[in-house]
Every structure is written in C-alpha cells, then in structure tokens.
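*Asks:* Whatever this is, show me its structure:
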Amino acid sequence: MARDKTIMRPIRNVEYDHWNYTIDETYDSRKSSLKTEMIDEIDNIAEDNYPSFKEKLKLDGVMKSITEKYKDYTDFVRNKRAMEDKKKNDLDKEIEKMYDILLKYNKVRKWNTSIEKSMLNDPGEHDLLLKKICREETEKAYYAGPKGRALQLLDISKKKSKHVLNSGLPLDIAVKSISMEMASQKINLDLPKDMFNPSIALEHKK
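*Replies:* Residues are numbered from 1 along each chain as shown. Have a look, this model is predicted:
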C-alpha cells in the first residue's frame, strides 16, 4: 500500500496576517449587522412594554396630578402673581412624590439612566424619561435572554476560529475548518478559487 506523500505546508506569515485580518473583519461585520437588527427589535419591544411598565410603577395618578397642577400653575401665574408661591408649592409636592417613587424603584432596579428632580418639572418630559428607563430595562432583559445569546455565540465562535488559525495546521485544513466554524454562525466565507495555490494566494493578498 502506497504511503501518502502529500507534504503538509504550514501557514506562512503573510497568509497568517491575511486570515487573521479576514477573521476579525468578517466577524466584526456580522456582529455589527446583528446588533443593528437587535437594536430595532429592542426598540419595538420596549415600545410594547411601555404601557405595562408604567402601570407597574403606579405613576398614572401622580403624573395626571402633576399635569393638572402644572396647567393650573402656569395659567395662574400669568394672571395672579400673588398666588404663585402656593401653586408652585403644590406642584413641587407632587414632583417630590414622583421623584421619591422613582428613587425607590431605582434602588432595586439600578438604572443607568440619570434621574434628576429637575427632569420632572415639565409633565411633557415624563414619558420621555420613563420610556428611556423602560428601554434600558428591556435591553438588559433582551441581551440576557436567548436572542442576546447570539452575540455571545459569535464571540465564542470567533475564538474558535482564532484558535484554529494559531494551531499550526496546514493552510487548506485551517481555512476549511474556519469556514465551517463561520458557517455555524450563518457567516459565508467567500473563498477564492485555487486559493491554496501559493502564488494565487499571494495575489489575493495584494
């Protein structure tokens, strides 16, 4: 039985640099595309989550009260400057109440969104703030769930491809293995024809 005399050629420096760059560029491009899709989906989920999120905070009553007192305050100031302090005091009490509620929840939820009392002065800004907080909670839950796992799998797969590249395998075996690993993450590695011919491989590097 004839022995296979095929010589296994190790990856040369110029080939290593090429495939090291290709792996980085390909995975980073896929990761960027995947995150863009996820951001749009998170936005939609956050919008759907907002009504129940606001209901859980039980702020409808105080938000309605602030809106009414805000209107009452601003209308009154234009006509009756003498009553301004009383109306403003009523408004401030409601704002303080809402602020205390948000701070109480924040101690548990640990929001990254900054919450300042001054942000509650205008009822028109309430939903903007709460939607931002809701979006933050939705994003955190999303990335912790099954779909967010896709990003982690991309990083794991990239490490596997890097390991193959650095394993000392012959170029053709290493690249085919990397291509199969990328395919597991729905990444199509476009391999040029005859790429394993040394002279042609160098041409594709230029």
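*Asks:* Can you tell me the SS state at residue 173?
*Replies:* helix (DSSP: H, G, I helix; E, B strand; the rest coil).
*Asks:* residue contacts, it?
*Replies:* residue 8 (CB atoms under 8 Å, 6 or more residues apart in numbering). C-betas here are computed from N, CA, C, even on glycine.
*Asks:* how close does it sit to residue 138?
*Replies:* 44 Å (CB to CB, to the nearest Å).
*Asks:* do residue 74 as well
*Replies:* For residue 74, the distance to residue 138 - CB to CB - is 33 Å.
*Asks:* more neighbours, these two?
*Replies:* Each of residue 74 and residue 138 has its neighbours counted (other CB atoms under 10 Å); residue 138 has more, 21 against 11.
*Asks:* other SSEs contacting the one helix or strand that one maps to?
*Replies:* In this structure, residue 138 is located in helix 126-144 according to DSSP states H and E. Packing partners of helix 126-144 (3 or more CB pairs under 8 Å, 6 or more residues apart in numbering; DSSP states H and E): helix 13-57.
*Asks:* chain center to the helix it packs on: distance?
*Replies:* Between the centre of helix 13-57 and the centre of its host chain there is 6 Å, according to CA atoms, centre = their mean, to the nearest Å.
*Asks:* So if we follow the domain assignment, how does this structure break up?
*Replies:* 13-37+148-205, 46-144 (automatic domain parsing).
*Asks:* remind me which residues of the chain are low pLDDT?
*Replies:* Scanning the chain with the threshold set as pLDDT under 70 gives 1-7, 192-206.
*Asks:* what about 50?
*Replies:* Applying pLDDT under 50 to the chain flags the ranges 200-206.
*Asks:* Mind listing residues that contact stretch 21-31?
*Replies:* Counting by CB under 8 Å, 6+ apart, 151, 154, 157-158, 161-162, 165, 178, 182, 185-187, 189 sit against stretch 21-31.
*Asks:* and if we set it to 6 Å?
*Replies:* Stretch 21-31 is contacted from outside by 154, 158, 161, 187, using CB atoms under 6 Å, 6 or more residues apart in numbering.
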